[in-house]
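Colleague: how would this look folded up:
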Amino acid sequence: MSAKRPTKPRGELAELSAQLQGLCMTGKRSNVELRQAKKEAFKKVINYMTLGMDMSGLFPMMTSCANLSPDDIVLKKMLYLYITHYAASTPDLALLTINQLHKDCHDQDPTVRGLALRSLCSLRISNLLEYVVSPVTAGLDDRHPYVRRTAVMGVLKIWHMNAEVVESQGMLQHVQTLLAQDSDPQVVANCLTLLMQVQRVKRLASNKALMYSLINRMKEFSDWSQCQVLEMTAHYTPANEAEVYDLLNALEDRLGVNNSAVVLGAIKVFLYLTLNMTMTHQQVLERVKEQLKSLIARDEPAIVYAVLCHARLLAGRAPVIFEGDYMAFYCRSHDPWYVKQIKMEILTLIASATNVYDIVSELTEYARDINADIARQAVKAVGRIALLVSDVNGIVERLLLFLESGYDHIVAETLVQLKDLLRRYPDLGQVFSMGDIRPSGILDPEARAALVWILGQFGQHIQGAPYLLQPLADVFGTEPCNVKLALLTAAAKLFFARPAESRKLLGTCLAGGLNDPEQDVHDRSLLYYRLLRQDVHAAKSVIAGDANAPQALAFFSDELSPEAQQAIFEEFNTLSVVYQQPASLFVQSAQYHSHHAEDYEVSGDAGGDSGAGDAGASSAAAGGDEALLIDPSTNLLDSVQKQEANLLDFGDEAPSYAAATMGGTSLPNTSAGGSAAGLLLLDDSLGLDSLLSPASTTTAGSSGGSGSNGGVPTLQLSPGFKLMP
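Modeller: The predicted model follows:
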């Protein structure tokens with residue numbers, strides 16, 4: 001019986017390994033055919049590598065195959081990409097390529113020198129850092145600008161690995177010399193990028209001569225480099241107003257370039273330099289308004305959205321500047337939904353007495369959009385305008401018309417906005433009419449909660465308000481949490497205003513809330529229940545406030561405060577403007593926070609353990625076994641229930657509350673000697689005696705512990721202006 005032949009390994013790795021081994025031998029193929037075959041094999045390796053397959057086993061063969069064709073730039077590029085990808089996972093094999101990379105760093109071809117230097121700096125292996133410093137230092141003095149550009153970025157990579165090496169070798173001083181003297185604009189731009197990351201931007205901006213030279217060479221730089229120069233200029237502090245005008249004249253032509261990032265960078269410089277010049281700052285806003293309108297009219301949605309975010313910020317700071325150009329922010333039919341949304345937000349900000357009816361009419365048309373989200377956003381914008389513009393009568397009529405639209409999403413958003421409007425203008429509640437709308441017919445939870453709030457807050461003016469809420473109270477347990485909370489508060493307010501009609505409603509809500517699994521609902525129910533048992537007048541002042549003098553809200557939590565707007569403005573032309581929050585809220589240093597979190601946990605645990613140990617030792621020394629307040633054999637919840645039961649058992653020292661008569665119905669009065677009977681009488685008056693079972697009553701008592709600028713002259717600037725340091 002013959003022995004079985006050994007099977008060859010199968011798979012992509014084995015196939016490529018055999019192919020590369022064959023390519024290391026010339027054979028009968030010509031040099032051109034051999035090179036083409038090597039390129040195809042290298043492409044397969046790179047393709048599999050990008051798909052996530054482990055090709056590190058081909059490291060020796062890839063290096064040998066490429067070294068046999070030293071003058072092929074394409075093969076070198078693919079080899080360098082392969083080496084830098086697997087250098088961190090195979091540092092021992094990466095060490096074998098150091099000699100080859102050092103040799104290529106002295107090649108006659110500047111492209112090869114630059115590629116080798118970039119690959120050498122991209123190895124990112126700390127143990128090999130000593131082999132990187134010398135080629136980078138030599139590259140900073142290379143005669144070709146491409147190698148110098150690569151060497152400058154190599155300094156940045158070394159700085160990220162070990163900043164002390166950069167400082168000790170004097171690389172930063174070398175880079176600063178290149179920044180001031182190099183003739184290649186891209187080398188200068190790379191030096192600026194490096195120094196802006198290593199040093200503070202304000203420190204660079206304090207060098208007046210350097211900044212002036214960069215501004216005068218602005219047109220030589222790429223768009224990205226221009227943004228870097230403009231960012232540095234924005235942090236410069238001019239000596240006087242004359243210097244401000246010189247800078248504005250030198251940068252005025254940047255407002256008219258095609259690149260939106262450069263335009264926004266120039267706008268940032270104009271705004272920052274004129275902050276202390278009120279009249280000039282207003283002229284600048286008028287000047288940059290045209291550039292913003294031009295960018296908004298483009299057909300690139302991403303660029304338009306970014307520009308609109310900045311326009312929203314400026315409109316919030318100075319709405320009078322944009323109120324005459326409100327038509328520029330009208331939605332176009334082909335605009336994406338996110339562009340339409342932010343345009344409606346801007347229309348809300350710039351609405352005034354002169355344009356409010358035109359804007360509201362336009363928004364009313366958007367409310368008919370087939371996209372439900374856009375329609376709701378339009379209704380929301382109308383409601384926000386009603387909050388901002390003093391003359392709200394006509395706008396309120398538009399909102400009330402939305403209630404008759406027949407579309408559930410429009411009716412729902414209208415109710416939400418009417419709630420905020422009535423909180424701002426409570427006098428409107430006296431003439432408010434809900435029509436045929438019933439809370440049980442509203443499907444959206446937020447809108448249903450808003451309608452419940454309206455019925456509770458203005459129930460004395462709405463006939464049948466308690467009876468409209470009773471169907472919701474009957475199915476209390478099936479409602480969402482926000483609806484339950486609103487229903488509890490509304491029932492309590494209606495009980496104070498119309499006790500005879502609302503007794504059953506409040507009892508049903510309290511009974512459902514005390515047995516509800518939601519902790520917030522349970523706690524609020526228990527709070528209201530105890531307040532009513534303790535003192536009805538105090539309960540009314542806490543829950544309903546002063547019905548004769550309702551408090552109007554001047555500010556809502558979803559609105560940006562002036563302090564927040566200023567913080568975002570200080571980070572103009574960044575993602576902070578898009579996210580509408582400072583960078584500190586969404587950019588965090590993971591290493592810093594994790595390091596300090598460990599320190600905090602260690603110190604906190606140590607302190608907690610020592611404190612607990614000291615307390616336990618002192619208690620044991622003071623009273624022995626009798627010092628233990630909790631019997632280990634009992635459950636902690638049982639002790640909490642006993643404490644809650646003691647709180648509810650007022651005994652002979654129970655506080656009394658006076659008889660209260662509201663709406664012709666008298667609430668029970670309890671004296672110091674008959675508190676138990678009085679409390680039972682209160683439960684009976686609310687209907688809780690029949691709705692609360694003994695078990696639920698015990699649980700309730702025990703677990704509660706848990707346009708025009710007004711004649712301002714136009715800013716006149718001279719394009720092509722040169723700065724003289």
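Colleague: And for the most centrally placed residue in the chain, nearest residue in space, chain neighbours not counted?
Modeller: Closest residue to the average C-alpha location of the chain: residue 579 at 4.9 Å, with CA atoms, centre = their mean. In space, and not counting its chain neighbours, residue 579 is closest to residue 586: 5.9 Å by CB to CB, 6 or more residues apart in numbering. C-beta here means a position set from N, CA and C on the backbone, and glycine is covered the same way.
Colleague: One more: residue 315?
Modeller: The nearest residue in space to residue 315 (CB to CB, 6+ apart) is residue 349, at 4.4 Å.
Colleague: ok, back up a step: now the residue nearest to the centre of the chain: how far from residue 333?
Modeller: Note on residue 579: its distance to residue 333, by CB to CB, to the nearest Å, is 28 Å.
Colleague: now do residue 477
Modeller: Distance, residue 477 to residue 333, by CB to CB: 46 Å.
Colleague: more neighbours, these two?
Modeller: A side-by-side neighbour count of residue 477 and residue 333, using other CB atoms under 10 Å, places residue 477 first with 13 against 6.
Colleague: Kindly state the pLDDT recorded for the more buried one?
Modeller: Per-residue pLDDT puts residue 477 at 90.
Colleague: wait, isn't it in contact with residue 513?
Modeller: No. At 9.5 Å, residue 477 and residue 513 do not qualify as touching, with contact defined as CB atoms under 8 Å.
Colleague: What segments of this structure are strands?
Modeller: Listed in chain order, the strands of the chain (DSSP state E) span 661-662, 665-666.
Colleague: looking at the ones you listed, which has the lowest confidence?
Modeller: strand 661-662 (a mean of 39).
Colleague: How much space separates the closest residue to residue 376 other than its chain neighbours from residue 453?
Modeller: Once flanking residues are discounted, residue 376 sits nearest to residue 413: 4.2 Å by CB to CB, 6+ apart. Plainly put, residue 413 is 15 Å away from residue 453 if you go by CB to CB.
Colleague: just residue 581 next, same as before
Modeller: Applying CB to CB, the value for residue 581 to residue 453 is 28 Å.
Colleague: which of those two has more neighbours?
Modeller: Shown here are residue 581 and residue 453; by other CB under 10 Å, residue 453 has more neighbours (21 against 16).
Colleague: so what's the more buried one up against?
Modeller: Listed by CB atoms under 8 Å, 6 or more residues apart in numbering, the contact set of residue 453 reads 419, 486, 489-490.
Colleague: quick one on the thing from earlier: relative to residue 574, how far out is the residue nearest to residue 579?
Modeller: 11 Å.
Colleague: In terms of neighbours, single out the busier of the two.
Modeller: Higher neighbour count among residue 586 and residue 574: residue 574, with 16 against 10, using other CB under 10 Å.
Colleague: I'd assumed residue 581 was in contact with that one.
Modeller: No. Between residue 574 and residue 581 there is no contact under CB under 8 Å: 11.1 Å.
Colleague: ok, and the closest non-adjacent residue to residue 318?
Modeller: residue 285 (5.6 Å).
Colleague: Would you mind giving me the confidence score for the residue nearest to residue 405 when sequence neighbours are not counted?
Modeller: Here the nearest residue to residue 405 in space, its sequence neighbours aside, is residue 411; by CB to CB, 6+ apart that works out to 6.6 Å. Here, the pLDDT recorded for residue 411 equals 90.
Colleague: buried sites along stretch 578-592?
Modeller: In terms of neighbour count (16 or more other CB atoms under 10 Å), stretch 578-592 has its buried residues at 578, 581-582.
Colleague: next one: stretch 13-31
Modeller: Those buried within stretch 13-31 under the rule 16+ other CB under 10 Å are 13, 16-17, 19-20, 23.
Colleague: nearest to residue 154, of the residues you listed?
Modeller: Lowest distance from residue 154 to those (CB to CB) belongs to residue 20, with 29.8 Å.
Colleague: isn't that closest one right next to residue 60, touching?
Modeller: No. Between residue 20 and residue 60 there is no contact under CB under 8 Å: 9.3 Å.
Colleague: At which residues are the helices of the stretch 101-250 of the chain located?
Modeller: Here the stretch 101-250 of the chain has its helices, by DSSP state H, counting those that start in this stretch, at 110-121, 130-140, 145-161, 163-168, 171-181, 185-198, 201-205, 208-216, 223-234, 241-251.
Colleague: So which elements touch the fifth one?
Modeller: Applying 3 or more CB pairs under 8 Å, 6 or more residues apart in numbering; DSSP states H and E, one finds that helix 171-181 contacts helix 130-140, helix 145-161, helix 185-198, helix 208-216.
Colleague: returning to what we had before: against residue 568, how distant is the residue nearest to residue 579?
Modeller: Residue 586 is 12 Å from residue 568, where distance means CB to CB.
Colleague: would you list the helices and strands packed on helix 171-181 in TSV and tack on distance to residue 390, mean neighbour count and mean pLDDT?
Modeller: Listed next are those as TSV, based on distance: least, CB to CB, whole Å; neighbours: other CB atoms under 10 Å; pLDDT from 0 to 100:
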stretch	distance to residue 390	mean neighbour count	mean pLDDT
helix 130-140	65	18	90
helix 145-161	55	21	92
helix 185-198	47	21	92
helix 208-216	46	18	91
